[in-house]
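Asks: here is a sequence with its predicted model. Questions after.
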Amino acid sequence: MARERRSSFGGYLWEEALPWLGWRGLLRLLVWTGLANGIVYLSVVTDWDPGWITLGSLDEVIDWVWLFAALGAIVVTAGPVVGERRRGTAAWVVSQPVSRPTYVIGKVVAHGLGVAVTMVFVPGLVAYAWLPEVESARGFAPPLPPLGRFLAALGVVALVTTLLVALVVMLGTLLPRRGPVTGIAAILLIFLFVPISGFGWSKFLPGSLIDWQRPTKLSAVADYIFGGTLPGEAVVVTAAAIVVCTAIAVVRFRRVEL
C-alpha cells in the first residue's frame with residue numbers, strides 16, 4: 001500500500017507538471033522572462049522609470065520578477081484548481097489510486113515549482129547575465145554581487161510565490177468559482193505583502209521581504225544580495241504559512257463533495 005501511494009503521488013505530480021513542460025511551458029517561460037527583463041531593460045537604458053527610486057538595477061530585477069511571478073502564481077493556479085472541480089475532473093482523479101491529500105499537495109508542489117523555475121529563477125538569472133554588459137556600456141557598472149547570494153534571494157522570492165500558490169489552492173477548496181478565488185487572493189496579496197508602517201508585527205509578514213512602499217532604500221531581499229541580512233522571522237512565517245494553507249486545503253478537500 002505504501003509503495004502504491006508513493007507511486008501514485010509521483011505519477012500524479014508528473015501529470016500536474018506537464019503544463020509547465022513542452023511547448024506550453026516554453027511559451028510561459030518566454031512570456032514571463034520577456035516581461036520582467038523587458039521592463040528592467042527599458043528602465044536601465046532609457047529615461048523611462050516606473051516611479052520609484054532605484055538604488056541598484058538588481059533591486060529592480062527582484063521587484064519585477066516578484067511582481068509578475070506573484071500575479072502569475074494566482075492566475076495559473078486558480079484555473080486548474082477551480083476548473084477541475086467544476087468540470088468534474090477532480091472527482092475522476094480522486095476516484096483513481098490518488099488520495100485527496102495527494103491531489104492537494106501535488107497541486108501545491110507542481111505549481112509552486114513551475115512558478116519558481118519559469119517565473120522566478122530563469123528570468124532572474126537571464127537579467128543577472130546581461131545587466132553587467134548593458135550597465136558597463138552606459139558607463140555605470142556597480143559591482144556584481146556573488147551568484148550564490150543572488151540565487152538565495154531568488155529562492156526567497158520563490159518561497160513567497162509558493163505561499164501564493166498554496167493560498168490559491170486553499171481558496172479553491174473553499175470556493176467553487178474562479179472569480180472569487182482570484183479576487184480574494186489579489187486582496188490578500190495587498191494585505192500580506194505590503195508592510196503596514198507603524199506596526200511592529202508587520203516585520204513578520206512576507207511583505208517585509210519585498211517592500212513595495214520603500215521610497216529610498218533597498219528591499220530586504222535586495223539588501224541581502226548586496227551583503228545584508230534577511231529578516232529570518234518573515235522567512236519562517238512564510239514557510240509556516242505554506243504548510244498551514246496546504247493543511248487547511250487538505251482538511252477541506254477531504255470533506256468537500258465533488
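Replies: On my side now, so go ahead. These figures come from a predicted structure and were not determined experimentally. Residues are numbered from 1 along each chain as shown.

Asks: please report how far the closest residue to Trp20 other than its chain neighbours lies from Thr182.
Replies: Leaving aside its sequence neighbours, Trp20 sits nearest to Gly114 (CB to CB, 6 or more residues apart in numbering; 3.7 Å). For every residue, glycine as well, the C-beta is placed using N, CA and C. Gly114 sits 18 Å away from Thr182, going by CB to CB, to the nearest Å.

Asks: buried residues in the biggest helix by length in the chain, which are they?
Replies: Using DSSP state H, we find that the single longest helix of the chain is helix 57-87. Using 16 or more other CB atoms under 10 Å as the test for burial, helix 57-87 gives 57-74, 76-82, 84-85.

Asks: between Gly114 and Thr182, which has more neighbouring residues?
Replies: Ranked by neighbour count (other CB atoms under 10 Å), Gly114 and Thr182 place Gly114 first, with 23 against 20.

Asks: so that one is in which element?
Replies: Assigned by DSSP states H and E, Gly114 belongs to helix 100-115.

Asks: what pLDDT, on average, does the helix or strand following that helix get?
Replies: Downstream of helix 100-115, the first helix or strand assigned by DSSP H and E is helix 122-137. In this model, helix 122-137 has a mean pLDDT of 81.

Asks: work out for me the element Thr229 sits within.
Replies: Short version, using DSSP H and E: Thr229 is in no helix or strand.

Asks: excluding chain neighbours, what is closest to it?
Replies: Thr229's closest residue in space is Asp223 (CB to CB, 6+ apart), at 8.0 Å.

Asks: and the one you found, how many neighbours?
Replies: Asp223, neighbours per other CB under 10 Å, totals 19.

Asks: repeat for the one 5 residues further on
Replies: One way to gauge burial is a neighbour count; for Gly228, by other CB under 10 Å, it gives 14.

Asks: need the phi and psi values for it.
Replies: phi -80, psi -170 (degrees, to the nearest 10).

Asks: tell me the contacts of it?
Replies: Listed by CB atoms under 8 Å, 6 or more residues apart in numbering, the contact set of Gly228 reads Leu218, Ala220.

Asks: pLDDT wise, what is it at?
Replies: 82.

Asks: likewise Pro80?
Replies: For Pro80, the predicted pLDDT is 73.

Asks: verify the contact between it and Ala110 for me.
Replies: No: look at Pro80 against Ala110 with CB atoms under 8 Å: they stay out of range, at 9.3 Å.

Asks: what sits in contact with each of these two?
Replies: Contact criterion CB under 8 Å, 6+ apart; residues shared by Pro80 and Ala110: Glu16.

Asks: about what we covered before: for the longest helix of the chain, name the packing helices and strands.
Replies: Counting contacts by 3 or more CB pairs under 8 Å, 6 or more residues apart in numbering; DSSP states H and E, helix 57-87 packs against helix 22-45, helix 89-95, helix 100-115, helix 122-137, helix 147-174, helix 178-193, helix 220-225.

Asks: between it and helix 22-45, how many degrees?
Replies: 150 degrees (axes from the mean of the first three to the mean of the last three CA atoms, to 10 degrees).

Asks: starting at the chain centroid, how far to helix 57-87?
Replies: With CA atoms, centre = their mean, to the nearest Å as the basis, helix 57-87 stands 6 Å off its chain's centre.

Asks: that helix versus helix 122-137: what angle between them?
Replies: Using the same axes, to 10 degrees: helix 57-87 against helix 122-137 is 160 degrees.

Asks: and the angle from helix 57-87 to helix 100-115?
Replies: Using the same axes, to 10 degrees: helix 57-87 against helix 100-115 is 150 degrees.

Asks: among the helices and strands packed on helix 57-87, which is nearest Tyr12?
Replies: Nearest to Tyr12 among those is helix 100-115 (4.8 Å), distances taken as CB to CB.

Asks: and the closest one, C-alpha only, in CSV?
Replies: Output in CSV follows, covering the C-alpha atoms of helix 100-115 (Å, rounded to 0.1, in the frame of the first residue of the first chain):
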residue,chain,number,x,y,z
ARG,A,100,-7.3,13.6,-1.7
PRO,A,101,-4.3,14.8,0.3
THR,A,102,-2.1,13.7,-2.7
TYR,A,103,-4.3,15.7,-5.0
VAL,A,104,-3.9,18.9,-2.9
ILE,A,105,-0.2,18.5,-2.1
GLY,A,106,0.5,17.6,-5.7
LYS,A,107,-1.1,20.9,-6.9
VAL,A,108,1.0,23.0,-4.4
VAL,A,109,4.3,21.2,-5.2
ALA,A,110,3.9,21.1,-9.0
HIS,A,111,2.6,24.7,-9.5
GLY,A,112,5.0,26.0,-6.8
LEU,A,113,8.0,24.5,-8.6
GLY,A,114,6.6,25.6,-12.0
VAL,A,115,6.3,29.2,-10.9
